[in-house]
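> the sequence and its predicted three-dimensional model are supplied below.
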Amino acid sequence: MTGGGPAADGPGVVERLDEFQQRHRITAVLGATVAKYRDDRAGLLANLLAYAAFLSVFPLVLVLLTLTEVVLAGHKAAQKQVIDAALRQFPTVGAELNSRVSGLTGRNVVILVVLVVWLVYGTLRLSRSAQVLMATVWGVPRDQLPRFGRWLPRALGFIVVLGIGFVAGGVLAGIGSFGGFGPASSLLGFLGSLGVNVAMFWAGFALIVSVPGERRTLWLGAVVAGVGWTALQFGGAQLVAHELRHYQTLYGTFATFVVLLWWIGLGTVLTVFAAELDAVAERRLWPRSFRDPAGPPPASVPPEVAQSTATGT
């Protein structure tokens, strides 16, 4: 008598699902991206990136408020437009933050110095965290990352790209609320903000780390991240408002900062997934079985990347 049981009757549900996702390009790429995200411990890297971004956002808001008070002194309407454009990237939370924080004009010089030092530290930490993240995604060994002097220009360029992208994206996202173009205002605002966000992610991915001997297109990840972040901008107000109401019962005044960190965390997870998607698509790291999480990297991976993956660097 031959052995019986469900296994003898053919593959089970999990096996059939695994075979299905490997046979179809879209599901195979997404499955391989999720597997690579897990293997790289990218969730931890996303958390570190969110923390560094939070350290940068708060002093950046203070600096922006202070600069608008100085440069646009006596022009309250213009000040409000600039601040609203920058904070529109954080629906609901931005308005709450604006109501609780004011500029530092006329304050003690020591406070301004501390603020500038805090801002420099936060932005440098943000760019360094992003560099470590991209090095992990693309398999660049840590000892091949540039030293401080050679890394600083890339860090500054990365911060400038983020700053310009956030303000420009916020301005264009506000077209819908201004309604200057009639019924098409919302659509124009969405498309304009989408274009800026895609360009911002592409430039950020390209600037933050270079992969020796390799050219990367990066457009797929930039489009995914840009579309996702734009959708969060336009559709996340209700989600943020719900979270804000929940945390206000627990933390009161500090709820704004807790939800801001949570919102930034959503953005960093989206960014990390988009970066992993770029690497999977560019190096054809698919198809991949999700039943073999510890399997060797595909043969299409360059030798140095395969070695770094195997050693966990």
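Perfect, I can see it now.
> and the helices in the chain, which stretches?
Assigned by DSSP state H, the chain shows helices spanning 13-23, 25-39, 42-71, 76-87, 93-100, 109-137, 148-173, 175-178, 185-208, 219-235, 237-251, 255-282, 303-311.
> list the buried residues in the first one.
When neighbours are counted by 16 or more other C-beta atoms under 10 Å, the buried residues of helix 13-23 are found to be Asp18, Gln21, Gln22. (C-beta placed from N, C-alpha, C; glycine too.)
> so the first one touches Arg291, yeah?
It stands for Asp18. Yes. Counting by C-beta atoms under 8 Å, Arg291 is a contact partner of Asp18 at 5.5 Å.
> tell me which of the helices of the chain sits most buried.
Mean neighbours per residue, mean count of other C-beta atoms under 10 Å, is largest over the helices of the chain for helix 255-282, with a mean of 22.
> which strands and helices sit next to that helix?
Counting contacts by 3 or more C-beta pairs under 8 Å, 6 or more residues apart in numbering; DSSP states H and E, helix 255-282 packs against helix 25-39, helix 42-71, helix 93-100, helix 109-137, helix 185-208, helix 219-235, helix 237-251.
> Gly169: which of the ones you listed is closest?
Evaluated over the helices and strands packed on helix 255-282, closeness to Gly169 peaks at helix 185-208, with 4.4 Å, by C-beta to C-beta.
> by how many degrees do the closest one and helix 255-282 diverge?
In terms of direction (axes from the mean of the first three to the mean of the last three C-alpha atoms, to 10 degrees), helix 185-208 departs from helix 255-282 by 70 degrees.
> convert helix 185-208 to CSV, retaining C-alpha atoms only.
What follows is helix 185-208, C-alpha atoms only, in CSV (Å, rounded to 0.1, in the frame of the first residue of the first chain):
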residue,chain,number,x,y,z
SER,A,185,-7.9,72.9,-9.3
SER,A,186,-7.9,69.6,-7.3
LEU,A,187,-6.8,67.5,-10.3
LEU,A,188,-4.0,70.0,-11.2
GLY,A,189,-2.9,70.2,-7.6
PHE,A,190,-2.7,66.4,-7.3
LEU,A,191,-0.8,66.0,-10.6
GLY,A,192,1.6,68.8,-9.8
SER,A,193,2.3,67.5,-6.4
LEU,A,194,2.7,64.0,-7.7
GLY,A,195,5.3,65.1,-10.3
VAL,A,196,7.3,66.9,-7.7
ASN,A,197,7.2,64.0,-5.2
VAL,A,198,8.3,61.5,-7.9
ALA,A,199,11.2,63.8,-8.8
MET,A,200,12.1,64.3,-5.2
PHE,A,201,12.3,60.5,-4.4
TRP,A,202,14.3,59.8,-7.6
ALA,A,203,16.8,62.5,-6.8
GLY,A,204,17.0,61.4,-3.2
PHE,A,205,17.6,57.8,-4.2
ALA,A,206,20.3,58.8,-6.7
LEU,A,207,22.1,61.2,-4.4
ILE,A,208,22.4,59.4,-1.1
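> so for that helix, mean pLDDT?
Averaged over helix 185-208, pLDDT sits at 88.
> quick one: which of the buried residues of helix 13-23 is nearest Val259?
Using C-beta to C-beta, these come closest to Val259 at Gln21, 35.1 Å.
> for the closest one, give me its contacts.
Thr27, Ala28, Leu30, Gly31, Pro287, Phe290 (C-beta atoms under 8 Å, 6 or more residues apart in numbering).
> and if we set it to 7 Å?
Thr27, Ala28, Gly31 (C-beta atoms under 7 Å, 6 or more residues apart in numbering).
> same deal with Trp219?
When contacts are taken as C-beta under 7 Å, 6+ apart, Trp219 is in contact with Trp202.
> any stretches of the stretch 151-300 of the chain with poor pLDDT?
174-183, 250, 252-253, 292-300 (pLDDT under 70).
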